[in-house]
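Asker: Sequence and predicted structure below; questions after.
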Amino acid sequence: MGKFLESEKLKQEAFKSNPFYFSDSARIDGVYKNKPRPFCLPLEFAEQNLIPEIRETAILHFKKHKIKWHDGQNNKPSNHMCDSQVCCVNFLFPFANNPDTLAEVLKPIFPALKNMLPVEDSKFVSFEWIGQENYLGEKISRNGKRTRGANFTSADAIVMFNRTDNKRQVILIEWKYTESYGGTFLKIADSGTDRTAIYRHLFDSPDCPINTEILPSFDALFYEPFYQFMRQQFLAHEMEKSHELGADIVTLMHIAPTHNTDFCRVTSPALKKLGTSATNIWSKLVKPEGRFISISTEQIFGNLSANQMPQIKPWLDYIYERYAWVSET
């Protein structure tokens, strides 16, 4: 278990004591994996894991699109306060109806950004995007439907904008919070399925977005987070080829805290010679240029000012109190 996760558990426990954001009933220990834990909310008050202003609208959006909350029950988010999906929604959902502010936040990363475009339901941010088609050929359940947020490769969030060169760009966002990974080899699933067989057609394709000339082997990618990176990069590439949502360019953007140094560990033995961190290595493996970007949560959100953007002050106050590391240098 990572040091950053352990420190965040203590900080989230302290944040939960704030009566401004949590009801009295929500501030007692919540049960998670059959054990009471001070950094979790009671299941019946799990919606209070979200910023007050978005509790109703975010839950309705997830329910409408049948998006699965990770570890959630009864159409509510996880009750674990260190949950990555909850963190992602808390940071991004407040911008779903504020395209101008969202553009202001993203423009330092994407200087060619001209104006934001709605993704679905007139919202400028959505979540758990799996693509409009089963591009990766992943197994579909007997009911013939795919589930966003479960059992299929998905991006944690998605945004889209017009560029100054008249191209349309989609950004698939992979969001990390307290994650860290060990060295488990994932080539063979618990069911006995060889996962390389699922994605081999994409890897062997002449337009594969992974530079196979410097990659030691296909097997080297079957360690987290590389296994996830690979699938999401394939998704982005296939969406771009199909011009999904009218996109000319689809980029995978990885966002994670600099403070979470546990995530940086290179888990794939064969890839260690390519770099010192997972994101550094993936940046070298992806082609063409600009299709993968890694940036820290602190870089994007750490220097936002309520003086410059007074419309986000309530959100900023919450974020800087709950996730204090985001504004720490």
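Answerer: That came in fine, so what should we check first? Here the structure is a predicted model, which means the values were calculated and not measured. Residues are numbered from 1 along each chain as shown.

Asker: looking at it, Thr297 is touching Glu328, isn't it?
Answerer: No: using CB atoms under 8 Å, Thr297 makes no contact with Glu328, being 11.2 Å away. Bear in mind the C-beta positions are built from the backbone N, C-alpha and C, glycine included.

Asker: between these two, which one's more packed in?
Answerer: Thr297 (23 against 12; other CB atoms under 10 Å).

Asker: now that one, nearest residue through space, not along the chain?
Answerer: Nearest residue to Thr297, sequence neighbours excluded (CB to CB, 6 or more residues apart in numbering): Pro257, at 4.9 Å.

Asker: burial of the one you found, as a residue count?
Answerer: 22.

Asker: Give me the pLDDT value at it.
Answerer: The confidence metric pLDDT takes the value 97 at Pro257.

Asker: where do the helices sit along the stretch 1-150 of the chain?
Answerer: 3-15, 55-64, 84-92, 99-106 (DSSP state H, counting those that start in this stretch).

Asker: most tightly surrounded among those helices?
Answerer: Ranked by mean neighbour count, those are led by helix 84-92 with a mean of 23 (mean count of other CB atoms under 10 Å).

Asker: where's that one relative to the chain centroid, distance-wise?
Answerer: Relative to its chain's centre, helix 84-92 lies at 8 Å (CA atoms, centre = their mean, to the nearest Å).

Asker: Stretch 250-259 now?
Answerer: The answer for stretch 250-259 is 8 Å, by CA atoms, centre = their mean.

Asker: For that stretch, C-alpha coordinates in PDB please.
Answerer: In PDB, the C-alpha atoms belonging to stretch 250-259 read as follows (Å, rounded to 0.1, in the frame of the first residue of the first chain):
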ATOM      1  CA  VAL A 250      -7.800  12.300 -30.200                       C
ATOM      2  CA  THR A 251      -5.300  12.600 -27.400                       C
ATOM      3  CA  LEU A 252      -4.900  10.600 -24.200                       C
ATOM      4  CA  MET A 253      -4.100  12.900 -21.300                       C
ATOM      5  CA  HIS A 254      -2.900  11.400 -18.100                       C
ATOM      6  CA  ILE A 255      -3.400  13.400 -14.900                       C
ATOM      7  CA  ALA A 256      -1.900  12.400 -11.500                       C
ATOM      8  CA  PRO A 257      -0.600  14.100  -8.400                       C
ATOM      9  CA  THR A 258       3.100  14.800  -8.300                       C
ATOM     10  CA  HIS A 259       2.800  14.100  -4.600                       C
END
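
Asker: Give me the contact list for it.
Answerer: Contacts to stretch 250-259, defined as CB atoms under 8 Å, 6 or more residues apart in numbering, come from residues 4, 109, 155, 169-177, 179, 229, 232-233, 236-237, 239-240, 244, 263, 279, 282, 286, 290-300, 325-326, 328.

Asker: Which of the residues you listed fall in helices?
Answerer: Per DSSP state H, helices hold the following members of those: 4, 229, 232-233, 236-237, 239-240, 279, 282, 297-300.

Asker: mind listing the strands in the protein by residue range?
Answerer: Taking DSSP state E, the strands of the chain run over residues 30-32, 35-37, 113-117, 126-129, 155-163, 168-175, 249-256, 292-296.

Asker: Which of the ones you listed sits closest to Ala46?
Answerer: Ala46 lies closest, by CB to CB, to one member of the strands of the chain: strand 30-32, at 7.9 Å.

Asker: Neighbouring strands - and their directions - for the closest one?
Answerer: For strand 30-32, sheet partners with direction are given as strand 35-37 (antiparallel), following DSSP bridges.

Asker: low-scoring pLDDT stretches of the stretch 201-329 of the chain, where are they?
Answerer: Applying pLDDT under 70 to the stretch 201-329 of the chain flags the ranges 329.
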